[in-house]
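Asker: sequence first, predicted coordinates after that:
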Amino acid sequence: MSLQNEVDEAVIRVRRARTDLQAIEVKAAEGGLPKSIVETVSAFANARGGLLILGLDEARGFQPVEIDASKLANDLASTCADQLEPAIRAEIDIGVVDGQPVVAARIDELPADRKPCHVKARGRDRGTYLRTHDGDRLLSFYEVHVLVASRGQPRDDLLPVLEATPADLDADLVASLLRRMRATRGPLFTSVSDDEMLRLLRVLIDTDDGARPSLAGLLALGRYPQSFYPQLDVTFVAYPTVTGEPLRDGTRFLDNQSIDGSVPIMVATALAAVRRNMKRRSVIVGMGRLDQWEYPEEAVREVIANALMHRDYHPLARGTQVRVELYPDRLVVANPGGLHGPVNREDLLAEAVSSSRNSLLAKLLEDVEVPGTGRTVCENRGSGLLAMAAALRGAGIEPPELIDNVREFRVVFRNHSLLDDEAVAWLSTIDTAALSDHQRLGLAFLHRNTTITNQQYRSLTGCDSVTASKELTGMAAAGLLEKTRDRRWTLWRLADGLGTGGTGGAGEGREHQPVLQPALWPGSVGSVNSAGIRPAARQDRVTEIRGLLADGPRDTREIADALGLTTQGVLRWLHQMGDVVRTEPRPGQRSYRWKLHG
């Protein structure tokens, strides 16, 4: 996409929103380059990139103002190169909005090994910014540390815990690990003693004061790691309201638990706490009913294990717990420290991606069993989030929302079914007869959300990238979707006129009515026809259009409004009709009209 095209689309978006957006910053710059430009460039470079437009005044509805475009462009290039570290080489050009010149700059996100970008004059700790939904935010000392740590491999989990001894390890967990290693890892581990094996695995580290457990060894196999690090635990809270506010009678929590122990113990206990507070919902499958949990246990287990395995264990983060929060409409799991390493958030739910902040802990948890289950804590193959997405898909729940704000990583599950009664009713108002079950799921997702990416569509349906592109493009050709771009990724949204339902909420009640189970949902089992959807019969609109045009010429929007279709849908029908011709716009009109021929 050319820079001018990006500007055209960005202006439409900010005028519609009446404010700057996370990936778009607009400044008037009538008096020259604003001093705050360095903060915005730093923020874009440390986040997901963005578009900067100079020469539009937000206070006047993003209308053009008079600027010296050539000088502004040169000053901006110099500022990006000279006042920021590392230097930013932005793509800068002079564009046009409403016939007036503006300066546009595309700022790309820096790779992980070059972050953070900071303002030279203020230093890294006081001059590093991050782009948020409401502007540029100065990062804290800890957040700067997180970005710096992503340049390489942290070693916090490899350090010995000097206050601990081998006696602080759980004998049963250790014995189970040693048996598994000897059975699965070859002759090396069958020929060494227990102590030697624990040193090879770096569960024990030799120090001047003797063998000491590593932090990873203590967390994976310890009897009670919280004796040494009280906050390296999990907190579970079940809130009575979607906002987390107390009820009128003062009730703050429905359940509240501090979960201690080793990682495998905390995973099992946290899962039990979620299960204890989850509701079961009735799902219609074929001729019968099936009761299932609000959230698949497999998905809950994976997200809690991932949070404990990938959280930040740096001393600056050891006062922060992993949080599991259950609301009436969602489940949230949060851990300190954002994504680590060269990982794109968009790829996490669509393909196996692995970049572990805690390499030793991740390696150990491959072979540490959750007591009483016969299964290990994780596979450490980058497949955990894929398994989580598959479990949600099988339950008819949309992919989770992944939120990375550097200091914290959050995973949010919504408990509504994508194909609940409300979504099915909405789909029945659209001509979906020619769509696949995958495409209907995509529409249902967009009914609740603003946009969808190729990666999200893949996670939602389980298809590959090529199929996702083909099916999304097919819906656009049918007039159901519109394509836009958000920096590096193509975004798809519902075409004008279809509308979205927003994210919605379940309110304060936690009882669920029966919902339709999509029997052809990828990964599910069942035989209900057409994914549980009974779309309206495909109507032949030709007769209706002829009836409208019999009263005289009409433009596309007039026809669309009269028939309750999108303009793209109307054009699809018009192009099939051989007795309709297009007329040139009349004086004072911007759009052409259609009339019957002959």
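Answerer: Now that the structure is in, tell me what you want to look at. Numbering: from 1, shown residues only.

Asker: where does L491 sit: helix, strand or coil?
Answerer: strand (DSSP: H, G, I helix; E, B strand; the rest coil).

Asker: quick one: it and Q456 touch, right?
Answerer: No. Using CB atoms under 8 Å, L491 makes no contact with Q456, being 9.6 Å away. Any C-beta I mention is one placed from the backbone N, CA and C, and that applies to glycine too.

Asker: who's more crowded, the two?
Answerer: Using other CB atoms under 10 Å as the criterion, L491 and Q456 rank with Q456 on top: 24 against 17.

Asker: and that one, how far from L402?
Answerer: 10 Å (CB to CB, to the nearest Å).

Asker: please apply the same query to I94.
Answerer: Where L402 is concerned, I94 sits at a distance of 37 Å (CB to CB).

Asker: if we can go back for a sec, mind listing the shared neighbours of Q456 and L402?
Answerer: L349 (CB atoms under 8 Å, 6 or more residues apart in numbering).

Asker: sec struct for P230, please.
Answerer: For P230, the assignment made with three-state DSSP gives coil.

Asker: break this structure into its domains for me.
Answerer: As given by automatic domain parsing, the domain ranges for the chain are 3-139, 156-227, 421-532, 542-596.

Asker: worst average pLDDT in these?
Answerer: Note on the domains of the chain: lowest mean pLDDT is at domain 421-532, with a mean of 71.

Asker: the stretch 401-550 of the chain: helices as residue ranges?
Answerer: 421-427, 437-448, 454-461, 465-477, 542-549 (DSSP state H, counting those that start in this stretch).

Asker: then the second one to PDB, C-alphas only?
Answerer: Going back to what we said before, that points to helix 437-448. What follows is helix 437-448, C-alpha atoms only, in PDB (Å, rounded to 0.1, in the frame of the first residue of the first chain):
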ATOM      1  CA  ASP A 437     -19.200 -23.100   7.600                       C
ATOM      2  CA  HIS A 438     -15.800 -21.400   8.100                       C
ATOM      3  CA  GLN A 439     -17.000 -18.300   6.500                       C
ATOM      4  CA  ARG A 440     -20.200 -18.200   8.700                       C
ATOM      5  CA  LEU A 441     -17.900 -18.500  11.800                       C
ATOM      6  CA  GLY A 442     -15.900 -15.500  10.400                       C
ATOM      7  CA  LEU A 443     -19.000 -13.400  10.100                       C
ATOM      8  CA  ALA A 444     -20.200 -14.400  13.600                       C
ATOM      9  CA  PHE A 445     -16.800 -13.400  15.000                       C
ATOM     10  CA  LEU A 446     -17.000 -10.000  13.200                       C
ATOM     11  CA  HIS A 447     -20.500  -9.500  14.500                       C
ATOM     12  CA  ARG A 448     -18.900  -9.300  18.000                       C
END
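
Asker: and it with helix 454-461, angle?
Answerer: Using axes from the mean of the first three to the mean of the last three CA atoms, to 10 degrees, the inter-axis angle of helix 437-448 relative to helix 454-461 is 110 degrees.

Asker: show me what helix 437-448 is packed against.
Answerer: For helix 437-448, the helices and strands in contact under the criterion 3 or more CB pairs under 8 Å, 6 or more residues apart in numbering; DSSP states H and E are helix 421-427, strand 452-453, helix 454-461, helix 465-477, strand 489-494.

Asker: one more time with 6 Å, if that's ok
Answerer: helix 421-427, helix 454-461, helix 465-477 (3 or more CB pairs under 6 Å, 6 or more residues apart in numbering; DSSP states H and E).

Asker: same list, those helices, but as JSON lines with distance to L498 please.
Answerer: Formatted as JSON lines, the helices and strands packed on helix 437-448 follow (distance: least, CB to CB, whole Å):
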{"stretch": "helix 421-427", "distance to L498": "9"}
{"stretch": "helix 454-461", "distance to L498": "17"}
{"stretch": "helix 465-477", "distance to L498": "11"}
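
Asker: quick one: closest of those helices to L219.
Answerer: helix 454-461 (29.7 Å; CB to CB).

Asker: so what does that closest one touch, helix or strand wise?
Answerer: helix 437-448, helix 465-477.

Asker: list the buried residues of stretch 420-432.
Answerer: Neighbour counts using 16 or more other CB atoms under 10 Å place D420, E422, A423, V424, W426, L427, I430, D431, T432 of stretch 420-432 among the buried residues.

Asker: make JSON lines out of the domains of the chain and add distance to A270.
Answerer: What follows is the domains of the chain, written out as JSON lines (distance: least, CB to CB, whole Å):
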{"stretch": "domain 3-139", "distance to A270": "29"}
{"stretch": "domain 156-227", "distance to A270": "14"}
{"stretch": "domain 421-532", "distance to A270": "19"}
{"stretch": "domain 542-596", "distance to A270": "46"}
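
Asker: ok, which of the helices and strands packed on helix 454-461 comes nearest G547?
Answerer: Closest to G547 of the helices and strands packed on helix 454-461 is helix 465-477 (CB to CB; 26.5 Å).

Asker: just the angle for the closest one relative to helix 437-448, thanks.
Answerer: Note on geometry: by the same axes, to 10 degrees, helix 465-477 and helix 437-448 are set 60 degrees apart in direction.

Asker: neighbouring contacts of helix 465-477?
Answerer: In this structure, residues lying in contact with helix 465-477 by CB atoms under 6 Å, 6 or more residues apart in numbering are H438, Q439, N454, Y457, R458, L481, K483, W492.
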